[in-house]
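A.B. asks: what's the 3D shape of this:
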Amino acid sequence: MLTRADNKHVDIAALMADMGARAKSASRPLAIASTEQKNTALTAMADAIVSGCDDILAANAIDMANAEEADLTPAFRDRLKLTADRVAAMADGIRAIAELADPVGTVIAAWERPNGLKIERVRTPLGVIGVIYESRPNVTADAGALCLKAGNAVILRGGSDSLNSSQAIHACLAAGLKTAGLPEDAIQLVPVTDRAAVGEMLSGLDGAIDVIVPRGGRSLVERVQTDARVPVFAHLEGLCHVYVDKSADLEMAKAITVNAKMRRTGICGAAETLLVDRAVAETHLVPILDALHSADCEIRGDADVCKLWPKATLATEADWLTEYLGPIIAVALVDGIGGAIDHIARYSSNHTEAVIAEDETVVDRFFNEVDSAILLHNASTQFADGGEFGMGAEIGIATGKMHARGPVGVEQLTSFKYRVRGTGQIRP
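C.D. replies: Just a heads-up that it's a prediction; the model follows:
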């Protein structure tokens with residue numbers, strides 16, 4: 001296995017071309033693998049992760065020590081850190097994927113033409129997927145398992161800061177493939193930290209890669225979108241909003257807002273902006289901000305918020321555009337649902353937004369007019385997660401509008417083809 005020190009001795013272009021060729025070769029038997037065979041592999045992967053927990057945590061300890069030495073942010077270190085519970089959750093996620101219905105071969109639609117032709121639209125694997133991600137080593141398990149279930153080979157390029165952790169997890173995935181008699185090249189992890197490897201993946205590896213899925217910060221996603229020569233499932237940063245309407249139940253609004261911001265501040269579904277209806281500024285704003293402050297959240301408010309809650313720092317324009325990934329939230333008063341929609345339209349990354357309201361007309365307008373991938377009513381934005389959606393896990397939250405949107409699970413990792421059955425028809 002290659003290490004960081006080996007990077008300078010590696011021909012990156014040759015390495016990546018070889019990985020692409022092997023992935024392409026593995027994708028053919030994988031596309032026709034039985035559901036039982038794929039599930040056997042997934043179950044074996046989960047078992048290997050559980051039995052290999054000590055090795056995974058030891059590898060993660062090296063990454064965490066490097067992160068401390070590099071003085072990486074607390075939010076970054078939280079995403080990087082693995083615990084016994086998080087390792088167990090990875091295994092549980094893989095088992096949940098095994099229990100999902102196999103999307104490959106599913107008939108999406110069927111109809112018969114007047115000339116007797118019978119047509120079916122059927123789900124098929126995409127082929128070879130390239131996944132480029134930062135910091136979170138659990139993505140190695142999630143992405144590998146999801147791609148396998150959907151019949152795809154995958155090339156994983158994790159963050160350089162999580163290389164040791166990802167390699168330990170990948171070894172468990174490879175063991176699961178071997179147990180099931182599936183090609184180990186079906187799930188490959190780029191073994192070097194050189195960023196040139198990303199460039200090679202974005203080129204498509206001579207046609208080997210069919211789609212790229214980036215999961216990380218804005219700079220990564222923008223680079224992928226700019227340089228990729230293959231289709232991209234975009235996953236932009238989570239500038240998520242919570243809007244508290246004048247019809248909102250105050251206790252519910254307090255509980256949801258604190259959870260949306262503070263449960264885990266370093267995930268993309270964490271709320272970054274709170275919008276409160278000006279009509280209930282006197283009754284709702286201060287109790288909600290007090291609750292956030294008690295949870296050790298820093299408040300950055302507009303001028304009106306600062307007047308009503310003097311402990312707030314005056315927000316700048318940059319605050320409405322910042323994914324803090326930490327215990328900071330920007331707060332503004334808005335003129336009802338219309339003001340909230342206008343603010344979200346201007347600043348949102350189209351990831352996830354929540355409305356807290358009892359007025360159904362407000363909820364209907366929010367659902368109809370806000371153009372984000374995930375919209376929630378009276379629920380925390382932290383539910384923006386494929387596992388919480390019943391998908392077992394996710395590769396990411398796609399914020400684009402083509403093919404996949406929202407949590408990218410097994411169904412989103414398939415395409416389709418048409419099967420047409422005739423009885424000798426010819427076209428006049």
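
A.B. asks: Isn't Thr322 up against Ala315?
C.D. replies: No: using Cβ atoms under 8 Å, Thr322 is not in contact with Ala315, being 9.7 Å away. In short, each C-beta sits where N, CA and C put it, glycine included.

A.B. asks: When the two are compared, which one has more neighbours?
C.D. replies: Ala315 (21 against 18; other Cβ atoms under 10 Å).

A.B. asks: joint contacts of Thr322 and Ala315?
C.D. replies: Taking Cβ atoms under 8 Å, 6 or more residues apart in numbering as the contact rule, Thr322 and Ala315 both touch Ala330.

A.B. asks: Distance from stretch 306-324 to the middle of the chain?
C.D. replies: How far stretch 306-324 lies from its chain's middle: 27 Å, per Cα atoms, centre = their mean, to the nearest Å.

A.B. asks: Need the contact partners of it.
C.D. replies: Residues outside stretch 306-324 that contact it (Cβ under 8 Å, 6+ apart): 75, 217-218, 237-239, 265, 268, 272-273, 281-282, 285-286, 289, 293, 298-303, 305, 330-332, 343, 346-347, 349.

A.B. asks: Can you give me the neighbour number for the residue nearest to Ile299 when sequence neighbours are not counted?
C.D. replies: Excluding its sequence neighbours, the residue lying closest to Ile299 (Cβ to Cβ, 6 or more residues apart in numbering) is Ala312, at 4.2 Å. If you count neighbours by other Cβ under 10 Å, Ala312 ends up with 21.

A.B. asks: where along the stretch 151-300 of the chain do the strands fall?
C.D. replies: Secondary structure of the stretch 151-300 of the chain (DSSP state E, counting those that start in this stretch): strands located at 153-157, 187-189, 211-215, 240-244, 271-277, 298-301.

A.B. asks: CSV for the ones you listed, including mean neighbour count?
C.D. replies: What follows is the strands of the stretch 151-300 of the chain, written out as CSV (neighbours: other Cβ atoms under 10 Å):
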stretch, mean neighbour count
strand 153-157, 27
strand 187-189, 25
strand 211-215, 25
strand 240-244, 27
strand 271-277, 27
strand 298-301, 21
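
A.B. asks: Least reliable of those strands by average pLDDT, please.
C.D. replies: Of all the strands of the stretch 151-300 of the chain, mean pLDDT reaches its minimum on strand 211-215 (a mean of 90).

A.B. asks: The helix or strand harbouring Ser27 packs against which elements?
C.D. replies: According to DSSP states H and E, Ser27 maps onto helix 12-31. If you count contacts as 3 or more Cβ pairs under 8 Å, 6 or more residues apart in numbering; DSSP states H and E, helix 12-31 packs onto strand 118-125, strand 128-133, strand 153-157, strand 187-189, helix 196-202.

A.B. asks: Mind listing what's buried along that helix?
C.D. replies: 12, 15-17, 19-20, 22-27, 30-31 (16 or more other Cβ atoms under 10 Å).

A.B. asks: before we move on, back to that, so for Val408, which of the helices and strands packed on helix 12-31 sits nearest?
C.D. replies: Comparing the helices and strands packed on helix 12-31 by their distance to Val408 (Cβ to Cβ), the top pick is strand 128-133, with 9.9 Å.

A.B. asks: residues in contact with Leu250?
C.D. replies: Leu250 neighbours (Cβ under 8 Å, 6+ apart): Thr283, His284, Pro287, Ile288.

A.B. asks: I'd like the distance between it and Ile329.
C.D. replies: Going from Leu250 to Ile329 by Cβ to Cβ, to the nearest Å gives 18 Å.

A.B. asks: Please spell out the PyMOL selection for the buried subset of the contacts of Leu250.
C.D. replies: The command below creates a PyMOL selection of those among the contacts of Leu250 that count as buried (16+ other Cβ under 10 Å):
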select buried, resi 284+288
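
A.B. asks: so where do the helices sit in this structure?
C.D. replies: 12-31, 35-51, 53-69, 74-80, 84-99, 138-149, 163-180, 196-202, 218-227, 250-262, 286-294, 303-308, 336-347, 360-369 (DSSP state H).

A.B. asks: wait, which of the ones you listed is closest to Leu189?
C.D. replies: Among these, if distance is taken as Cβ to Cβ, the winner is helix 163-180, at 4.2 Å.

A.B. asks: and the angle for that closest one with strand 128-133?
C.D. replies: 150 degrees (axes from the mean of the first three to the mean of the last three Cα atoms, to 10 degrees).

A.B. asks: re earlier: want to throw the helices and strands packed on helix 12-31 into CSV with distance to Ala260?
C.D. replies: Conversion of the helices and strands packed on helix 12-31 to CSV gives the following (distance: least, Cβ to Cβ, whole Å):
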stretch, distance to Ala260
strand 118-125, 34
strand 128-133, 24
strand 153-157, 30
strand 187-189, 33
helix 196-202, 32
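
A.B. asks: Of these, which is nearest Asp142?
C.D. replies: strand 128-133 (9.4 Å).
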